[in-house]
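Asks: Here is my input; please provide its structure:
(one chain, ligands or ions: 2)
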Amino acid sequence: MNHIIFQLVAVATLLACAVPASATAKKVIFDTDPGTDDALALMLALNSPELDVRAITVVPGNVTASQGLENALRMVSLANRCDIPVAAGAQHPLFQKLITAEFWHGKNGLANVELPASKCKVDSHFGPDLIIQMVHAAPHEITLVPVGPLTNIALAVLKDPSIVPLVKEVILMGGSIAGGNVNAAAEANIYNDPEAAQIVFQAGWPLTMVGLDVGDKTLFSRKYLAQLGQTHGPVNDFIYAVGKYLVDLSAQFGSLGSPMYDPLAVGVAVDATLVKAPEMHVDVETRGEFTRGETVANRHGMVERNVLHGNHYVIEALDKVAPNAKVCVDVEADRFLQLFVSRIKGK
Ligand code: BDR
Ligand code: CA
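Replies: Numbering: from 1, shown residues only. Ligands and ions are numbered 1, 2, ... in the order given. Prediction:
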């Protein structure tokens, strides 16, 4: 009897190992404005067996659309992943002029690291169309991971709202429930296209917001940089150079490390237990004089109902507000940073 059980266990183990990683991995479309922390996030995604990156779509944000496309192509080439389609997307936000951030990300958006010219070619699809096509080809299987302004994702929803119930989930880097980095209120990805962000938040799909305030808890410091410096490989060395640029930059502002905003969104796709993410209703402010681009989160799920009585309103009841997002409020930072380093080391 023991012998039979042993054989069954051995066969089951063999079968489990025989399943290629991509068959069980989460199918991901990575939408990005590369970008230093976008680069870290992309390499984490490409080196995580839990994820199967099916496409990369490029959005303008940290850099222009054309520079972002060039950066994405060079990075997939460095990672030897020309099999992944890289598509150009929107050229500008829906209703406003683009604001680029070479100030933070370096002249080329990649910490001024000059990667070799890409062996990979751009995909011929328009990014939002590629998203639409891939979601229909794999209904309920695609996770969208946008880590830039939400222009491409909004365009996909506007063009084909039928994708919404077919997307497995959206895990985005953007927003904040504790003030902004652009100004007092707004985080950069949302500020760069607030109307697009509001479309994405209200679409009605399962959505996780990995915001600025939780990203600020994940500081990539010299300790983690040193760990990456012990090993080598094309991706390892590239990420080390970008990481060093970011750590040095953060030191100029008195910080011990650089927040891993975009990589954390990928981290949540890899392992949702890294974060605490209660449900809330989130709206994006599109009109406020001081608050355009702010993610306004209702933490108690209620609004007061005000009823006009004569010349003034009276609160008569509390109305429930349905949540539309899981909002990350805490993270096991060291576990995440160790995961990041372990996935990049020697690659
Ligand atoms: C976000 O803005 C960009 O500068 C980063 O890449 C990140 O996606 C942080 O506010
Ligand atoms: Ca980004």
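Asks: Which residue ranges of the stretch 151-300 of the chain form strands?
Replies: 167-173, 207-210, 219-221, 257-259, 275-276, 279-284, 295-298 (DSSP state E, counting those that start in this stretch).
Asks: Quick one: closest of the ones you listed to F201.
Replies: Smallest distance to F201 across the strands of the stretch 151-300 of the chain (C-beta to C-beta): 5.3 Å, for strand 279-284. (Glycine included, C-beta is placed from N, CA and C.)
Asks: Quick check: G293 touching N189?
Replies: No: G293 is not in contact with N189 according to C-beta atoms under 8 Å; the separation is 9.0 Å.
Asks: Next, show the common contact partners of the two.
Replies: A197 (C-beta atoms under 8 Å, 6 or more residues apart in numbering).
Asks: what about the strands of the stretch 151-300 of the chain, which gets the closest to ligand 1?
Replies: Among these, strand 167-173 comes nearest to ligand 1, with 4.9 Å by C-beta to the nearest ligand atom.
Asks: hang on, I153 packs against L144?
Replies: Yes: assessed by C-beta under 8 Å, I153 is found in contact with L144 at 6.3 Å.
Asks: between those two, which one's more packed in?
Replies: I153 (31 against 27; other C-beta atoms under 10 Å).
Asks: what sits against that one?
Replies: 31, 128, 131, 144, 146, 170, 172, 196, 199-200.
Asks: And the residue of this structure closest to ligand 1?
Replies: Ligand 1 sits closest to A188 of the chain, with a gap of 3.7 Å, by C-beta to the nearest ligand atom.
Asks: quick revisit: for K97, find the nearest of the strands of the stretch 151-300 of the chain.
Replies: strand 279-284 (18.3 Å).
Asks: ok, the residue of the stretch 201-347 of the chain found nearest ligand 2 - contacts?
Replies: In the stretch 201-347 of the chain, the residue found nearest to ligand 2 is D262; the distance is 4.7 Å by C-beta to the ion. Contact analysis of D262 by C-beta under 8 Å, 6+ apart lists 32, 35, 37-38, 40-41, 147, 173.
Asks: Neighbour-wise, which one of the residues you listed leads?
Replies: Counting neighbours by other C-beta under 10 Å, the top entry in the contacts of D262 is D38, with 33 neighbours.
Asks: Not including adjacent chain positions, what is the nearest residue to that one?
Replies: Spatial nearest neighbour of D38, excluding adjacent residues (C-beta to C-beta, 6 or more residues apart in numbering): T32 at 4.6 Å.
Asks: ok, now which ones touch that neighbour?
Replies: 38, 41-42, 56-59, 68, 72, 146-148, 262.
Asks: picking up where we left off before, shared neighbours, I153 and L144?
Replies: Here I153 and L144 share the contacting residues 31, 131, 170, 172, scored by C-beta under 8 Å, 6+ apart.
Asks: Any figure for the gap between the third one and G179?
Replies: Counting by C-beta to C-beta, to the nearest Å, the gap from V170 to G179 is 23 Å.
Asks: Could you check which of those two has the larger neighbour count?
Replies: Taking neighbours as other C-beta under 10 Å, V170 and G179 compare with V170 leading, 24 against 13.
Asks: wait, the more buried one sits on L144?
Replies: Yes: taking contacts as C-beta under 8 Å, V170 lies within contact range of L144: 4.6 Å.
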